[in-house]
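[1] Compute the structure for the input listed below.
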Amino acid sequence: MNGGPTVFIVDDDPSVLTSLGRLVRSAGYRAATFGSAQAFLGHACDDAPACLVLDVHLPELGGLELQQSLSAVGNRLPIIFLTGYGDIPMSVRAIKAGAVDFLTKPCDEQDLLAAIGQAIANDLDARQARAETARIQCLFATLTPRERQVLALVAAGRLNKQIAAELGTCEQTVKVHRSRVMYKLRVKSLAELVRLAEKAGIFPAAAAKPLD
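    Okay, here's the model as predicted:
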């Protein structure tokens, strides 16, 4: 399956699968329907934006258990729960575990489509954040150990002469390292450098001891 966002639907009622499949397709999404949690787990998902519309009460492996299983393996697929007879503790448990919404059958079609829209938007945001993190990690991987030290101290607000004293080197050498850091990380200002360091999790406490 290739293309736009996909709505995965898991419900053991064939009539629900059919009606929900038609609904999401009419809204411009792709629909992939499954009669059980096991069938969904056995499906190879592509890397397109998606969400999961999931019945709480399923045979063998229930919806909440499927949510736990996905979370345990790092699957971040946004989930919208549907149930014919849910209760408040159940909905609270699902939301606390990361569910986007918890709707009671028969749910209003517009409410469901709104929840799906939010879930897809959440998935797009999460994918962009992960892509940005991966990009930053690749940039930081190009830094030498000494350049990482200089960056950490710059992020901590140290001046060049302070960094030189802390690392036991001369100020000109620090300037060279700092210039290389900015070139490798593709930033043009100190503000950009500090923001990138924050995204990478480099804080003042991360300043390492001087290398021999």
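
[2] Give me the distance from the helix or strand of the chain with the lowest mean pLDDT to the chain's centre.
    Across the helices and strands of the chain, mean pLDDT, DSSP states H and E gives its lowest value to helix 88-96, namely a mean of 75. Centre-to-centre, helix 88-96 and its host chain are 21 Å apart (Cα atoms, centre = their mean, to the nearest Å).

[3] List the contacts of stretch 95-112.
    16, 20, 23, 51, 53, 64, 67-68, 71, 78-86, 90-91, 94, 115, 118-119, 122 (Cβ atoms under 8 Å, 6 or more residues apart in numbering). Any C-beta I mention is one placed from the backbone N, CA and C, and that applies to glycine too.

[4] Please apply the same query to stretch 21-28.
    4, 7, 9, 30-31, 33, 53, 109, 112-113, 116.

[5] can we see that at 7 Å?
    By Cβ atoms under 7 Å, 6 or more residues apart in numbering, the residues outside stretch 21-28 that reach it are 7, 9, 31, 33, 109, 113, 116.

[6] and these, which are buried?
    For the contacts of stretch 21-28, a burial check counting by 16 or more other Cβ atoms under 10 Å picks out 7, 9, 31, 33, 113, 116.

[7] Mark which of those residues are part of strands, please.
    Members of the buried ones among the contacts of stretch 21-28 lying in strands (criterion: DSSP state E): 7, 9, 31, 33.

[8] Report the separation between the nearest residue to Phe140 once chain neighbours are set aside and Lys105.
    Closest residue to Phe140 apart from its sequence neighbours, by Cβ to Cβ, 6 or more residues apart in numbering: Ala200 at 5.6 Å. Taking Cβ to Cβ, to the nearest Å as the measure, Ala200 falls 45 Å from Lys105.

[9] neighbour count winner among those two?
    Ala200 (18 against 14; other Cβ atoms under 10 Å).

[10] in which helix or strand would I find Leu103?
    strand 101-104 (DSSP states H and E).

[11] Can you report the mean pLDDT over the residues of that strand?
    The pLDDT scores in strand 101-104 average 88.

[12] so what strands line up beside it?
    Strand 101-104 has the following strand partners under DSSP bridges: strand 79-83 (parallel).

[13] now the partner strand, how far from the centre of its chain.
    Relative to the chain's own centre, strand 79-83 is displaced by 20 Å; criterion: Cα atoms, centre = their mean.

[14] Kindly provide the distance from the nearest residue to Met90 once chain neighbours are set aside to Thr104.
    Counting by Cβ to Cβ, 6+ apart, Met90 lies nearest to Val56, which is 6.7 Å off, once chain neighbours are set aside. Distance, Val56 to Thr104, by Cβ to Cβ: 10 Å.
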